[in-house]
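S.K.: I'd like to go over a predicted model; first the sequence, then the structure.
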Amino acid sequence: PNFASGAKKLPTRTLMMAFWMLCRAGSHAAVLGAGATLPARLYAEATFAYRAAGVASTYEGVGSGEGIRLLKGEEPVDFVGCDANLTAEDYADVPDLVMYPALATAVVPAYHVPGVRRLVLSRRVLSMIFLGDIRYWNDTSISELNPDIELPCHEITVVVRSDVSGTTESFTKALAAFNQSFEGLIGRSSLPDWSKGRAQYKESHLNKGVVSILTVVAYTVGYVVLADAVANDLDYARIDDSSGNYIEASETTVRLAMAERGNDLVRNPTVAVDLVDPRGQGAWPIAGLTYFVLRRNDTKDDCRLRRDTVEFLQWYYTSDIIERRIFHRYDSFVALPSIASGVVATALAADVLCANGLPAANTSAEEEEERIVRVWTPQVTLGVFFFLSSMYAEVESDVTIANIPYDPNMMLRIPEGDLFITSFQLSPEL
């Protein structure tokens with residue numbers, strides 16, 4: 001298209017939706033996921049690896065809140081990554097939402113103070129910084145914990161998320177557990193009202209927005225997932241466990257936090273489990289689970305796509321590729337215990353249904369209808385597209401391409417889901 005100079009730029013979400021619709025127009029509908037930015041790196045690699053199984057899949061990190069919005073509406077998304085617990089309002093809007101734990105990780109207090117490495121912060125001091133009760137980096141409460149570090153007399157800028165975020169929910173839950181004053185003023189929420197605090201706050205969108213500010217703006221502190229801190233070489237503070245020992249966020253300390261709630265994961269794999277403020281020695285106190293969220297019922301009347309979605313998620317929970325290769329590369333993330341993964345995979349197979357009310361996992365390919373792709377084609381190029389369609393039939397015998405000629409000068413209302421060719425130019429070689 002030849003856009004005029006004054007044309008409006010399409011928003012990112014619109015462009016993303018356009019890309020997803022192109023995925024849907026192919027021979028096999030792609031399995032499409034969206035949501036939490038916390039596990040986006042790992043999910044993107046998992047969907048890429050799964051393409052070797054012959055099913056296209058993709059994941060976009062748009063934030064937990066935006067992912068749930070997509071799942072509630074009519075947008076083409078099959079599963080959502082979500083760090084935040086579903087609310088009563090979510091279930092009231094869409095009663096058939098169901099969530100399954102996917103992995104655990106740490107949220108860390110990352111900071112940018114020139115010349116300062118390996119900072120130590122107590123739980124209470126951390127909560128007071130985000131509350132605004134500690135305003136300067138050389139405050140006595142911080143310097144006493146770091147006697148060997150010369151801290152600057154500079155005001156602290158606190159960087160927080162501006163969008164609905166499971167990362168924020170895990171972090172504020174922990175701070176509320178550390179400090180009753182934080183609980184009373186800011187509270188625990190995926191989108192708290194930071195204006196109630198007394199700090200100098202700076203808001204940004206998504207984890208990558210917080211990372212960007214922490215990278216370039218000095219004397220800042222914020223909260224990000226451990227994977228993003230490591231990937232972007234951000235400094236992050238050690239904090240004390242329940243026994244008063246100062247520990248660093250790592251795969252080991254997160255695994256210890258998850259171990260305390262292992263039985264809960266197995267007993268009911270569709271109920272949210274809280275990992276913050278664990279009692280065990282050496283357990284990271286700001287850990288959290290992230291979840292896959294699906295609709296229990298089929299809203300698209302596409303049982304094949306439902307089965308592909310379930311099979312992808314079951315592969316995620318049981319594949320050696322995930323356990324030994326992808327998680328091994330991302331040691332900031334911790335896989336569920338194998339027994340919990342098996343329970344979740346079994347629950348998925350029973351819970352996710354096709355439009356006929358039967359589990360999607362039990363639907364065979366022979367039970368599916370013939371797939372028809374309707375292509376609206378300019379009359380002048382109809383012969384070319386008939387030729388292309390016949391060639392494609394040799395590759396995908398179970399797909400019928402229906403070429404529908406139209407006059408470009410006529411006003412048309414194209415049915416939703418059809419492919420519309422607006423222009424076609426033959427090269428001189430043809």
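M.R.: Alright, I've got the coordinates.
S.K.: hang on, Tyr59 in a strand?
M.R.: Yes. Assessed with DSSP: H, G, I helix; E, B strand; the rest coil, Tyr59 lies in a strand.
S.K.: and stretch 123-143, which residues are buried?
M.R.: Residues of stretch 123-143 classed as buried by neighbour count (16 or more other C-beta atoms under 10 Å): 123-134, 137, 139, 142. C-betas here are computed from N, CA, C, even on glycine.
S.K.: which residues make contact with it from outside it?
M.R.: The contact list for stretch 123-143, computed with C-beta atoms under 8 Å, 6 or more residues apart in numbering, reads 109, 113, 116, 121-122, 145, 149, 151-156, 158, 160, 174-175, 178-179, 181-182, 185-186, 197-200, 219, 221, 237, 239-240, 285.
S.K.: Would you confirm that Ala360 contacts Val310?
M.R.: Yes. At 5.1 Å, Ala360 and Val310 qualify as touching, with contact defined as C-beta atoms under 8 Å.
S.K.: Overlap of the contact sets of those two?
M.R.: Shared contacts of Ala360 and Val310, counting by C-beta under 8 Å, 6+ apart, come down to Val352.
S.K.: on that earlier part again, sort out for me which of the buried residues of stretch 123-143 are in helices.
M.R.: Judged by DSSP state H, the buried residues of stretch 123-143 include 123-131, 142 as members of helices.
S.K.: Please convert those residues to JSON lines, extending it with pLDDT and distance to Ser170.
M.R.: JSON lines is the format used below for those (pLDDT from 0 to 100; distance: C-beta to C-beta, whole Å):
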{"residue": "Arg123", "pLDDT": "97", "distance to Ser170": "14"}
{"residue": "Arg124", "pLDDT": "97", "distance to Ser170": "18"}
{"residue": "Val125", "pLDDT": "98", "distance to Ser170": "19"}
{"residue": "Leu126", "pLDDT": "98", "distance to Ser170": "14"}
{"residue": "Ser127", "pLDDT": "98", "distance to Ser170": "14"}
{"residue": "Met128", "pLDDT": "98", "distance to Ser170": "19"}
{"residue": "Ile129", "pLDDT": "98", "distance to Ser170": "17"}
{"residue": "Phe130", "pLDDT": "98", "distance to Ser170": "13"}
{"residue": "Leu131", "pLDDT": "97", "distance to Ser170": "17"}
{"residue": "Ile142", "pLDDT": "98", "distance to Ser170": "23"}
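S.K.: Asp264: which of those residues is nearest?
M.R.: Arg123 (23.3 Å; C-beta to C-beta).
S.K.: How about the closest one: what's its closest non-neighbour residue?
M.R.: Excluding the flanking residues, the one nearest Arg123 by C-beta to C-beta, 6 or more residues apart in numbering is Phe178, at 3.9 Å.
S.K.: So the one you found sits against Ser242, correct?
M.R.: No. If you go by C-beta under 8 Å, Phe178 and Ser242 don't touch, sitting 10.8 Å apart.
S.K.: Between the two, which is the more surrounded one?
M.R.: Phe178 (24 against 14; other C-beta atoms under 10 Å).
S.K.: Mind pulling up the pLDDT for the more buried one?
M.R.: At Phe178, the pLDDT value in this model is 96.
S.K.: so what does the longest helix that the chain contains touch, helix or strand wise?
M.R.: Of all the elements of type helix in the chain, the one with the most residues (DSSP H) is helix 303-318. Packed against helix 303-318, as judged by 3 or more C-beta pairs under 8 Å, 6 or more residues apart in numbering; DSSP states H and E, are the following elements: strand 31-35, helix 40-50, helix 338-351.
S.K.: what's the average pLDDT for it?
M.R.: Per-residue scores along helix 303-318 average to 92.
S.K.: now swap in stretch 42-51 and tell me
M.R.: 88.
S.K.: what comes up buried for that stretch?
M.R.: Result for stretch 42-51 [16+ other C-beta under 10 Å]: buried residues 42-47, 49-50.
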